[in-house]
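[1] sequence unavailable; structure follows:
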């Protein structure tokens with residue numbers, strides 16, 4: 001006889017067993033959820049009408065969710081930028097700029113990984129691009145093989161945490177929080193992580209200088225203004241795109257979906273102006289468009305919107321449209337955009353089907369009192385909030401061995417989010433609790449791309465590394481960087497201000513002291529006499 005108390009652990013066990021068989025996760029979730037749903041109906045735990053909540057939730061929380069529209073836009077932006085050659089130029093120029101100092105090539109990989117993470121958001125492309133470009137150079141100048149593999153893999157995973165990461169959008173949706181707040185919370189850990197990576201490289205340069213030697217100055221092909229010009233031509237357009245996407249969102253000028261749409265168009269513009277076949281007329285129109293955008297922005301900041309403002313941005317829109325048409329004219333970019341569409345469609349369909357499957361599973365799980373079972377188990381852990389955080393982070397760390405980010409976000413987070421809100425609210429406040437929790441899990445899940453033997457970043461690296469690079473060097477090289485990421489998780493737990501420092505402070509309002517004063521209005525006396533003729 002199956003009791004109600006047995007159903008939640010049986011559902012978890014059935015889900016794990018079905019996943020180990022290798023069946024696609026989206027269909028596994030739906031199959032397990034519906035199977036246990038019919039079993040629960042047979043046992044009398046709820047009736048068939050309860051399952052009507054599933055299509056309602058799918059249409060209400062998935063298909064009608066405007067926030068999820070940002071996913072295809074950001075995916076397309078990353079798919080275009082990862083193949084347009086921007087990474088190659090930035091790595092080359094940064095490598096020559098930092099090369100003459102110890103660990104200089106390592107610093108260049110870390111910085112470029114951070115910049116690319118803010119505009120592409122794709123781990124696979126970032127690791128592969130940086131490995132193909134930087135690994136032969138680092139090997140040629142005598143860098144330690146384990147340091148090379150570790151810094152390339154770790155710098156590729158930074159993209160998971162740096163806004164406007166797709167991971168943070170999904171976390172915001174699943175936790176029911178603002179995407180802008182999630183981005184603000186992620187900036188602190190992102191910068192601290194870069195500092196940790198650079199600090200590790202710096203210490204290697206002091207204690208083991210032969211692991212990260214300086215590149216001879218005569219090996220540089222560019223010097224002086226030519227070098228700085230190439231660096232700026234890579235950084236400035238990227239910074240403008242980051243501002244267009246993040247700045248407009250954080251200033252309240254655009255929703256995440258609108259910012260993602262601007263980012264998608266901006267990616268096409270950036271790919272076009274970066275291409276060698278971009279015409280002179282296009283370059284002149286680009287300059288005019290940039291000047292017009294600057295004029296329009298200044299007018300909007302210091303004056304009211306007028307006809308000059310409208311003309312300036314009309315010119316800017318014309319310039320953007322012209323450049324997009326030029327991109328469609330160039331065969332290579334036309335193929336690039338087509339590949340971006342295909343990648344976007346695959347990832348968007350995957351996310352949608354996982355969401356539909358997870359909805360089937362979660363509705364049935366909550367129907368058999370799975371929420372109460374999970375809450376009792378997690379709130380009874382020793383150590384209070386800190387014990388809860390330690391258990392959840394260790395659990396997610398090992399779960400990431402077998403599941404990717406989307407599966408963890410759509411299966412696990414909806415179940416533990418209400419418990420996290422209840423447990424963590426006394427520590428950082430009700431408004432910031434889930435932001436802190438979400439960013440913490442994002443830092444944790446970065447390690448899923450690094451830890452052997454299942455880290456996807458290590459697989460990508462193995463696929464493009466030369467034959468002289470041993471698999472043992474790739475796996476052992478990742479270990480120090482996993483330690484740095486674990487240290488980052490510990491810092492986020494110990495110092496919540498790293499996440500909450502940039503968030504708006506909650507306003508404490510005493511409801512007992514609120515007074516509503518309605519001003520008295522003197523009305524003329526009513527005339528109830530007979531109507532005047």
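    The structure has been received and is ready for your questions. Please read all numbers here as calculations on a predicted model, not as lab measurements.

[2] tell me which other helices or strands the helix or strand of the chain with the lowest mean pLDDT touches.
    Least confident helix or strand, the chain: helix 86-98 with a mean of 72, by mean pLDDT, DSSP states H and E. For helix 86-98, the elements it packs on are helix 104-119, helix 123-140, helix 224-242, helix 256-274, judged by 3 or more C-beta pairs under 8 Å, 6 or more residues apart in numbering; DSSP states H and E. The C-beta positions use only the backbone N, C-alpha and C, and glycine is treated the same way.

[3] helices of the stretch 201-350 of the chain, residue ranges please.
    224-242, 248-250, 256-274, 280-302, 307-329, 331-367 (DSSP state H, counting those that start in this stretch).

[4] in a markdown table, list these along with distance to residue 468, mean neighbour count and mean pLDDT.
    A markdown table is the format used below for these (distance: least, C-beta to C-beta, whole Å; neighbours: other C-beta atoms under 10 Å; pLDDT from 0 to 100):
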| stretch | distance to residue 468 | mean neighbour count | mean pLDDT |
| --- | --- | --- | --- |
| helix 224-242 | 30 | 15 | 76 |
| helix 248-250 | 45 | 20 | 75 |
| helix 256-274 | 32 | 22 | 85 |
| helix 280-302 | 43 | 14 | 84 |
| helix 307-329 | 39 | 16 | 87 |
| helix 331-367 | 31 | 19 | 85 |
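
[5] on that earlier part again, for residue 23, find the nearest of the helices and strands packed on helix 86-98.
    Minimum separation from residue 23 across the helices and strands packed on helix 86-98 (C-beta to C-beta) falls at helix 123-140, 23.3 Å.

[6] what does the closest one contact?
    Taking contacts as C-beta atoms under 8 Å, 6 or more residues apart in numbering, the residues outside helix 123-140 that touch it are 78-79, 82-83, 87-88, 91-92, 95, 105-106, 108-109, 112-113, 116-117, 120, 145, 148, 152-153, 155-157, 159-160, 449, 456-457, 460-461, 463-466, 468-469.

[7] would you point out which residue is most central in the protein?
    The C-alpha lying nearest the average C-alpha coordinate of the chain belongs to residue 165 (C-alpha atoms, centre = their mean; 2.0 Å).

[8] contact partners for that residue?
    So residue 165 contacts 117, 121, 159, 186, 442 (C-beta under 8 Å, 6+ apart).

[9] now render those residues as a markdown table, adding neighbour count.
    Below are the contacts of residue 165 laid out as a markdown table (neighbours: other C-beta atoms under 10 Å):
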| residue | neighbour count |
| --- | --- |
| 117 | 26 |
| 121 | 27 |
| 159 | 28 |
| 186 | 26 |
| 442 | 25 |
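
[10] which of the residues you listed fall within helices?
    Those of the contacts of residue 165 mapping onto helices are 117, 186, 442, per DSSP state H.

[11] I'd say residue 461 and residue 152 touch.
    Yes: using C-beta atoms under 8 Å, residue 461 is in contact with residue 152, at 6.3 Å.

[12] these two touch, right, residue 292 and residue 315?
    Yes: with contact defined as C-beta under 8 Å, residue 292 counts as touching residue 315 (3.9 Å).

[13] just to revisit the earlier point, quick one: which of the ones in helices among the contacts of residue 165 is nearest residue 330?
    Using C-beta to C-beta, the ones in helices among the contacts of residue 165 come closest to residue 330 at residue 117, 26.8 Å.

[14] relative to residue 141, how far out is the closest residue to residue 102 other than its chain neighbours?
    Leaving aside its sequence neighbours, residue 102 sits nearest to residue 205 (C-beta to C-beta, 6 or more residues apart in numbering; 3.5 Å). From residue 205 across to residue 141, the span is 14 Å (C-beta to C-beta, to the nearest Å).

[15] how about residue 178: what's its closest non-neighbour residue?
    In space, residue 178 is closest to residue 172, 6.5 Å off (C-beta to C-beta, 6+ apart).

[16] kindly report the same for residue 230.
    Excluding its sequence neighbours, the residue lying closest to residue 230 (C-beta to C-beta, 6+ apart) is residue 93, at 4.2 Å.

[17] ok, the one you found to residue 312 distance?
    32 Å.

[18] swap in residue 107?
    The gap separating residue 107 from residue 312 is 39 Å, by C-beta to C-beta.

[19] then residue 5?
    Counting by C-beta to C-beta, the gap from residue 5 to residue 312 is 67 Å.

[20] ok so, going back, neighbour count: residue 461 and residue 152, which is higher?
    Shown here are residue 461 and residue 152; by other C-beta atoms under 10 Å, residue 152 has more neighbours (33 against 27).

[21] state the helix or strand in which that one lies.
    Assigned by DSSP states H and E, residue 152 belongs to helix 145-157.

[22] name the helices or strands packed onto whatever helix or strand comes next after that helix?
    Sequence-wise, the next helix or strand downstream of helix 145-157 (DSSP H and E) is helix 166-175. Helices and strands touching helix 166-175, as assessed by 3+ C-beta pairs under 8 Å, 6+ apart, comprise helix 70-81, helix 179-207, helix 405-411, helix 413-428, helix 430-446.

[23] got these as CSV, with mean pLDDT and distance to residue 493 columns?
    CSV is the format used below for these (pLDDT from 0 to 100; distance: least, C-beta to C-beta, whole Å):
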stretch, mean pLDDT, distance to residue 493
helix 70-81, 81, 28
helix 179-207, 88, 11
helix 405-411, 77, 18
helix 413-428, 85, 10
helix 430-446, 87, 6
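
[24] that's all I had, so thanks and see you.
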